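1. Sharing a sequence plus its predicted fold:
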Amino acid sequence: MGTEAYAETIDRTVMYYGLPFIQEADFPFNNYLTMLDTVSGNSVYEVITSWMENMPEGKWPNWMIGGPDSSRLTSRLGNEYVNVMNMLLFTLPGTPITYYGEEIGMGNIVAINLNESYDTNTLLSKSPMQWDNSSNAGFSEASHTWLPTNSDYHTVNVDVSMSENFMLILETKWVSTESTHSP
């Protein structure tokens, strides 16, 4: 069972794992990578090392790069970090936790008139999933959605991402085949 239990520091958050004689969460969500506003090898290393060193023995780690209560990865760090942060998420030991759209590089929406009582800082990351370049980004057939789609949904969506990845696979196979048939 994952638990959304955050504290101001990692050593306080890992307390939600429980004690040897009292089981609490299987893991408290580790959102410390979502708090990075700038990325360096040292800052990422410090978050990972601190979590692993403070985690109780025998417990299972987890890693988040995005969530409903933080700005999206591209809005925090930029498009150039989408692939590397997702790769990091899936290569670290433990359970990867991602927020929908982080894998394709969705960013926060830019909304001027949101007549909502929600925290607009987190509301901007909750736009509809961008499936394709059709109306409402393929999320809904309704005339409009509760929150608007991001204006980049024509180029940042699942269809485009799948096409780009398919082409990358074909190019890789082509280069591999060419190198084995060279004189």
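-> Sure thing, it's come through.

2. And the helices in this protein?
-> Using DSSP state H, the helices of the chain run over 10-13, 41-54, 73-77, 82-91, 120-123, 158-180.

3. Over the first one, what's the mean pLDDT, rounded is fine.
-> Per-region confidence: helix 10-13 scores 88 on mean pLDDT.

4. just checking, what packs against it?
-> Counting contacts by 3 or more C-beta pairs under 8 Å, 6 or more residues apart in numbering; DSSP states H and E, helix 10-13 is packed against helix 41-54. Using the backbone N, CA and C atoms, a C-beta is placed for each residue, glycine as well.

5. can you put the helices of the chain in TSV and add distance to P148 and mean neighbour count?
-> Below are the helices of the chain laid out as TSV (distance: least, C-beta to C-beta, whole Å; neighbours: other C-beta atoms under 10 Å):
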stretch	distance to P148	mean neighbour count
helix 10-13	34	16
helix 41-54	33	14
helix 73-77	15	22
helix 82-91	22	15
helix 120-123	11	13
helix 158-180	18	11
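
6. Those helices into CSV, with extra columns for distance to P61?
-> Formatted as CSV, those follow (distance: least, C-beta to C-beta, whole Å):
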stretch, distance to P61
helix 10-13, 11
helix 41-54, 6
helix 73-77, 20
helix 82-91, 12
helix 120-123, 25
helix 158-180, 27
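
7. Looking at those, which is nearest to D132?
-> Distance to D132, taken as C-beta to C-beta, is lowest for helix 158-180 among those, at 4.4 Å.

8. Can I get stretch 33-50 in PDB, CA atoms only?
-> C-alpha atoms of stretch 33-50 as PDB (Å, rounded to 0.1, in the frame of the first residue of the first chain):
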ATOM      1  CA  LEU A  33      12.500  14.200  -7.200                       C
ATOM      2  CA  THR A  34       9.400  16.200  -7.900                       C
ATOM      3  CA  MET A  35      10.700  19.000  -5.700                       C
ATOM      4  CA  LEU A  36      13.800  19.600  -7.900                       C
ATOM      5  CA  ASP A  37      13.500  22.800  -9.800                       C
ATOM      6  CA  THR A  38      16.900  22.500 -11.200                       C
ATOM      7  CA  VAL A  39      18.700  19.300 -12.000                       C
ATOM      8  CA  SER A  40      22.300  18.400 -11.500                       C
ATOM      9  CA  GLY A  41      24.000  15.100 -11.000                       C
ATOM     10  CA  ASN A  42      24.700  16.100  -7.400                       C
ATOM     11  CA  SER A  43      21.100  17.100  -6.600                       C
ATOM     12  CA  VAL A  44      19.700  13.900  -8.000                       C
ATOM     13  CA  TYR A  45      22.400  11.800  -6.300                       C
ATOM     14  CA  GLU A  46      21.600  13.500  -3.000                       C
ATOM     15  CA  VAL A  47      17.900  12.800  -3.200                       C
ATOM     16  CA  ILE A  48      18.500   9.100  -4.100                       C
ATOM     17  CA  THR A  49      21.200   8.500  -1.600                       C
ATOM     18  CA  SER A  50      19.300  10.200   1.200                       C
END
